[in-house]
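Participant: The sequence and its predicted three-dimensional model are supplied below.
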Amino acid sequence: MTRIYNFAAGPSAMPLSVLEQAAAEMTDWHGLGLSILEMSHRSKDFIGIYRETVSLLRELYGIPDEYEVMFLQGGGHLEFAIVPMNFSVGGCGNYAVNGVWSKKAFKEAQKIGEAAEAACVDLRAPRQDEIKLTENASYLYYCSNETVNGIRYWYTPEVSVPLIADMSSDFLSQPVDVRKFGLIFAGAQKNFGPAGLTVVIARRDLLGRADPSTPTMLDYETYAKSESMYNTPPTFAIYIANLVARWLLDQGGVKEMQRRSVIKSQILYDLIDQSEGFYYNNVEKISRSRMNVVFNLKDESLNDEFVRQAYEKRLANIKGHRILGGMRASLYNAVSIEAVEVLADYMKKFAEAHS
């Protein structure tokens, strides 16, 4: 079997060594005669995997002791509801809206309580001085990297209320000063594991504020008090996240991932900018995502041919999100520099053939 170059936005490319180790351990984990898939989440062995995964994540991000690390289910869409349920009681959730996912989060918050736009811009991240909190703001929510639009924050907003970040698509791709945040969440299926696992990093003193009527499974404190095992957690996803965390540390950690992401994204943006308009990207340059390079062909009639020929060269999943169309190459941690170079070479030759 020849593996493809996978540029999927999520579930996304995984490190090959992680997949191979999981395959080798699938039917017999460490000589116990059973699979991780069959293992009780309350067994000594699985609790060991869980605690090691938390420890590895703390090492990767330098997570302080005053922060809780929790593993949930439901993905970002459930977090859109859980955040206001836990943080906006008695106040107004403030949202910096600059793309599809932050807009979805804001609309969900409006269903639950008081919510307001602290900033609203297109094709870029808002400037610090454009973020205007309401008088009764209980938190500021933003999405650090918008996968659909290909927009990233190049800075961390400074505010006087707890800062909450959806880091689903740039999680573990760069160093983060966790102390600047009240809460960080991320769907694992980009840079940390398979779909089905959501990581939450929260300051402990901010937990326990949900209204008493909040359903048990929608209260962060439920997970904090039970090591994320109030119910059966996504055990196999946590195990894969454990292997990915080890891989990341072996590769040099988040600083090395950042170095690679700069190289990978610049290869494609340079080609786009130098294509004399054959390809174009409308996002403000400083706000361009390093994880999701979104671009269009000037002649949209070539879109299907571009995707078809790319797949023939084993370059898969480069079609853009259905909302925007065009193309999107997602360059998550497991996507190699070599894969990006192959894509860039194909794009260059395609442009030459159709100019």
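Facilitator: Here it is on my side, so go on. Predicted, not measured: the structure shown is a model, and the values here were computed from it.
Participant: switch to C-alpha atoms for all contacts and neighbour counts from now on
Facilitator: OK.
Participant: which residues in the stretch 101-250 of the chain form strands?
Facilitator: Assigned by DSSP state E, counting those that start in this stretch, the strands in the stretch 101-250 of the chain fall at 115-120, 137-143, 145-146, 151-152, 163-166, 183-187, 198-203.
Participant: Could you point out the longest helix of this protein?
Facilitator: The longest helix of the chain (DSSP state H) is helix 253-273.
Participant: which other helices and strands contact that helix?
Facilitator: Packing partners of helix 253-273 (3 or more CA pairs under 8 Å, 6 or more residues apart in numbering; DSSP states H and E): helix 44-61, strand 279-280, strand 292-297, helix 337-354.
Participant: which residues touch the shortest one?
Facilitator: It stands for strand 279-280. In this structure, residues lying in contact with strand 279-280 by CA atoms under 8 Å, 6 or more residues apart in numbering are 272-273, 295-298.
Participant: now do stretch 245-253
Facilitator: The contact list for stretch 245-253 (CA under 8 Å, 6+ apart) reads 15, 18, 53, 56-57, 60, 192, 254.
Participant: got a winner among those residues for most neighbours?
Facilitator: The residue in the contacts of stretch 245-253 with the most neighbours, by other CA atoms under 10 Å, is residue 192 (32 neighbours).
Participant: Please list all residues in contact with that one.
Facilitator: Applying CA under 8 Å, 6+ apart, the residues near residue 192 are 171-172, 241, 244-245.
Participant: Likewise for residue 273?
Facilitator: 279-280.
Participant: Next one: it from residue 75, what distance?
Facilitator: Residue 273 is 35 Å from residue 75, where distance means CA to CA, to the nearest Å.
Participant: swap in residue 153?
Facilitator: Distance, residue 153 to residue 75, by CA to CA: 21 Å.
Participant: Residue 134 too?
Facilitator: For residue 134 relative to residue 75 (CA to CA), the value is 28 Å.
Participant: Let's see the pLDDT reported for the nearest residue to residue 123 once chain neighbours are set aside.
Facilitator: Among residues not flanking residue 123 along the chain, residue 283 sits closest, at 4.8 Å (CA to CA, 6 or more residues apart in numbering). Looking at residue 283, its pLDDT stands at 97.
Participant: ok, residue 283 touching residue 124?
Facilitator: Yes - between residue 283 and residue 124 there is a contact at 6.0 Å, judged by CA atoms under 8 Å.
Participant: shared neighbours of the two, which are they?
Facilitator: Common neighbours of residue 283 and residue 124 (CA under 8 Å, 6+ apart) are residue 151.
Participant: coming back round to it: dump the contacts of strand 279-280 into JSON lines; add distance to residue 287 and pLDDT as well.
Facilitator: Converted to JSON lines, the contacts of strand 279-280 look like this (distance: CA to CA, whole Å; pLDDT from 0 to 100):
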{"residue": "272", "distance to residue 287": "16", "pLDDT": "98"}
{"residue": "273", "distance to residue 287": "15", "pLDDT": "98"}
{"residue": "295", "distance to residue 287": "14", "pLDDT": "98"}
{"residue": "296", "distance to residue 287": "17", "pLDDT": "98"}
{"residue": "297", "distance to residue 287": "20", "pLDDT": "98"}
{"residue": "298", "distance to residue 287": "22", "pLDDT": "97"}
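Participant: got these as JSON lines, with distance to residue 188 columns?
Facilitator: Output for the contacts of strand 279-280, formatted as JSON lines (distance: CA to CA, whole Å):
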{"residue": "272", "distance to residue 188": "29"}
{"residue": "273", "distance to residue 188": "32"}
{"residue": "295", "distance to residue 188": "25"}
{"residue": "296", "distance to residue 188": "28"}
{"residue": "297", "distance to residue 188": "31"}
{"residue": "298", "distance to residue 188": "34"}
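Participant: Noted, bye for now.
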